[in-house]
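S.K.: have a look; sequence and predicted model below, questions after that.
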Number of protein chains: 4
Amino acid sequence: MEAFSDGVLAVAITLLVLNISVPPIRHGGVGHALLAQWPQYLAYTTSFLTIGIIWINHHAAIRRLHRVDHAILTLNLLLLMSVCVLPFTTSLMATYLKRSAGENFAAAIYGGSFLVMGILFLALNRHILVSKSHLLRPQLHDQERRALLRRSLAGLAPYGVATALAVVSPYITLAICTAVAGYYALPITSRTDHRDGSPHAQALP
Amino acid sequence: MEAFSDGVLAVAITLLVLNISVPPIRHGGVGHALLAQWPQYLAYTTSFLTIGIIWINHHAAIRRLHRVDHAILTLNLLLLMSVCVLPFTTSLMATYLKRSAGENFAAAIYGGSFLVMGILFLALNRHILVSKSHLLRPQLHDQERRALLRRSLAGLAPYGVATALAVVSPYITLAICTAVAGYYALPITSRTDHRDGSPHAQALP
Amino acid sequence: MEAFSDGVLAVAITLLVLNISVPPIRHGGVGHALLAQWPQYLAYTTSFLTIGIIWINHHAAIRRLHRVDHAILTLNLLLLMSVCVLPFTTSLMATYLKRSAGENFAAAIYGGSFLVMGILFLALNRHILVSKSHLLRPQLHDQERRALLRRSLAGLAPYGVATALAVVSPYITLAICTAVAGYYALPITSRTDHRDGSPHAQALP
Amino acid sequence: MEAFSDGVLAVAITLLVLNISVPPIRHGGVGHALLAQWPQYLAYTTSFLTIGIIWINHHAAIRRLHRVDHAILTLNLLLLMSVCVLPFTTSLMATYLKRSAGENFAAAIYGGSFLVMGILFLALNRHILVSKSHLLRPQLHDQERRALLRRSLAGLAPYGVATALAVVSPYITLAICTAVAGYYALPITSRTDHRDGSPHAQALP
């Protein structure tokens, strides 16, 4: 299961680059044209880092198992499907961000796709930690399991807020999603206690 | 063989998203344009889940072997080829579903591509379980082998029906294929006896 | 090295499908439009099977090694590059096959890309079997090594002929390449002695 | 971590081929049209070999570790992101090389993307060899570690020069990048001491 999941995440994260387009040849500066499509770069970076964080956490969650059952396989499949949709929602966001029509709708779908991904990750995690705790490799303490789940749940909050605030401005949605990705992806070596109330923290051993 | 097959299935399942298109920028709602392309989402979901199920079953079938021969390698290659064609047939289905010309033909090809995939999976399975039973890792009982094959065969039926009914309506074809995918992909934990007459069941340990 | 090579071959084989295009919506039959693009299907099938055969043989060649050196790594990289180019040459062939201008040139490039791939595979094989025989896992007899190399060399012949005959007709080129792929990919279980003078045979244990 | 990184590099290296376009059908020679797009082939080859070299070195760097921490994971993620951007910058370079507007800017971005990749590789390497030396599998001598870092640093020089000289001519940028890739990718078996002052050398055992 890990090899296939790793493969899907690796392809999805790499396909994102297809959304960055080479400006058509025109007289006038290519520099200006490249700068004008900054939403592509920002949406790309955010989605790339988010999938990367999901990969790290997914890995940590799967490694806790010594056996999988049908429910885990299908929940995992649904989670992968939500990740594979991101190249589309990212492209949608990048295309509509600076427009004056449809930009709120596109942002809501972008934030919503992160939210759905987070919910499915929580569902997979909950199923592993609660329903199928007998499949866990090293038996975790009840306290640890509850802490892991609490963080998974808390991590949904920013994506919920980002999706809801899309009606106000798509820039807010993108800013929140980018901030979340940046926060977890920054190589801050001093962050050692991992009690930051986030689902991403569980990736850290 | 497993690493390569996993890789091919992972890429094929992820490439499906390239068929979902961002609506061109126009005055008027992007929401409406996004809703109008629902066949893309439905065909995407169905194909994604079907490849996912094939992956689960493929894995189970391969794990029964302790050695491979030339026939297994080439049957496996043909099976992978039938899976790799799905992004094309899925796109064909999504493009033509709501049209008034060619929609039956496109649906027949869509259902047919699932049928061919099922037949090749049956052929691979039959070759493994019948012709090359000496390559099987844990010797399976004759009864178990026959049950596995019977299910593989029975699992072809819905795809045969879906393909045939494409002449009536493409919606019927898509509905059957979606129903099959949804049935196996739902994380129903209580489904434990796996005697549902389907090729997909053999993935369950 | 194997994981990366497997990954590259898996992606290249799956990307081929992007060359099969969904006919644009028009009044009139989609069936006719789909039939008219048969060169796409034939070139697709041939390239898919050829990459599949290369994968099988590559696997067999690499498995003979217990250690790799810089020359093996870079020869392998060049071989992978020649495989990665196939989606382009396949598309070129499919686009120009039925045209009355450029079809010979396109066919020569198509056959030539297979020829280059074969030459690089021979070079890798020769380097492994002759120059770096001390890296081989089970010491092969001189006789076996010479037989393997002879087959690798003989396997280049059809691609050489296919490339040369592109000046006569692109159909001949495609037919030869398809015949070679079909010959090795057919799951003929009775082919057991593998003394058929081909580089593809060495994949068989 | 290795499986995912291998997957991402494998997909990125294979996606490069999507930038090579089949010339549209026109009366007149396809040969001439194919020749005219030589910047596509050169940029493709350079980027392919460079990613291949990065893969070899990445592999060597990771294999020195027996455990990873958060900083290594995120530095690795940033490195992968810089590699995944290459299909875009390669396409940009190939599109603008022969133009009379924007060609210097495109070349600067092309060279710059290699430079950033090199800097991130140096950062990852430095973190592994200096900050987290206790995670190293076989304890390296201080001297060896310093030599590895010195080479990583020296290897940045050509990319820095290539980026800076983009203002003079995009051909110089491409020539330097191609020369670097060709130098390391040539299967020169006699290059055994690896004291050539380059970050690529550390891939050699």
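M.R.: Okay, I see it.
S.K.: mind naming the longest helix for chain A?
M.R.: In chain A, with assignment by DSSP state H, the single longest helix is helix A:38-63.
S.K.: just how off-centre is that helix within its chain?
M.R.: Centroid separation for helix A:38-63 versus its chain: 5 Å, with C-alpha atoms, centre = their mean, to the nearest Å.
S.K.: so is the helix or strand just after it next to chain C?
M.R.: Next helix or strand after helix A:38-63 toward the C-terminus (DSSP states H and E): helix A:70-84. No. Using C-beta under 8 Å from any C-beta of the partner chain, helix A:70-84 stays clear of chain C, coming no nearer than 13.9 Å. (Glycine included, C-beta is placed from N, CA and C.)
S.K.: packing partners of the longest helix of chain A?
M.R.: Packed against helix A:38-63 by the contact rule (3 or more C-beta pairs under 8 Å, 6 or more residues apart in numbering or on different chains; DSSP states H and E) you find helix A:2-15, helix A:70-84, helix A:86-96, helix A:103-126, helix A:170-185, helix D:70-84.
S.K.: CA atoms of the strand or helix carrying A:His32 as CSV?
M.R.: Assignment of secondary structure by DSSP H and E places A:His32 within helix A:30-36. Taking Å, rounded to 0.1, in the frame of the first residue of the first chain, the C-alpha atoms of helix A:30-36 are listed here in CSV:
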residue,chain,number,x,y,z
VAL,A,30,8.4,38.3,-21.2
GLY,A,31,9.4,39.5,-17.8
HIS,A,32,6.2,41.4,-17.4
ALA,A,33,4.1,38.5,-18.6
LEU,A,34,5.9,36.2,-16.2
LEU,A,35,5.3,38.5,-13.3
ALA,A,36,1.6,38.9,-14.1
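S.K.: list the buried residues in that helix.
M.R.: Across helix A:30-36, burial judged by 16 or more other C-beta atoms under 10 Å in any protein chain shown covers A:Val30, A:Ala33, A:Leu34.
S.K.: also near chain D: which of those, exactly?
M.R.: When C-beta under 8 Å from any C-beta is applied, the members of these adjacent to chain D are A:Val30, A:Leu34.
S.K.: in CSV: the buried residues of helix A:30-36, plus distance to chain C and pLDDT.
M.R.: As requested, these are exported to CSV (distance: C-beta to the nearest C-beta, whole Å; pLDDT from 0 to 100):
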residue, distance to chain C, pLDDT
A:Val30, 25, 85
A:Ala33, 26, 89
A:Leu34, 26, 91
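S.K.: can you put the buried residues of helix A:30-36 in TSV and add distance to A:Ser133?
M.R.: Below are the buried residues of helix A:30-36 laid out as TSV (distance: C-beta to C-beta, whole Å):
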residue	distance to A:Ser133
A:Val30	57
A:Ala33	55
A:Leu34	51
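S.K.: the helix holding A:His32 - contacts with which helices or strands?
M.R.: Secondary-structure packing of helix A:30-36 (3+ C-beta pairs under 8 Å, 6+ apart): helix D:103-126.
S.K.: next secondary structure after the helix it packs on?
M.R.: helix D:142-154.
S.K.: flag every buried residue along that following helix.
M.R.: D:Arg145, D:Ala147, D:Leu148, D:Leu149, D:Arg151, D:Ser152, D:Leu153.
S.K.: between that helix and helix D:38-63, how many degrees?
M.R.: Computed with axes from the mean of the first three to the mean of the last three C-alpha atoms, to 10 degrees, the direction of helix D:142-154 lies at 160 degrees from that of helix D:38-63.
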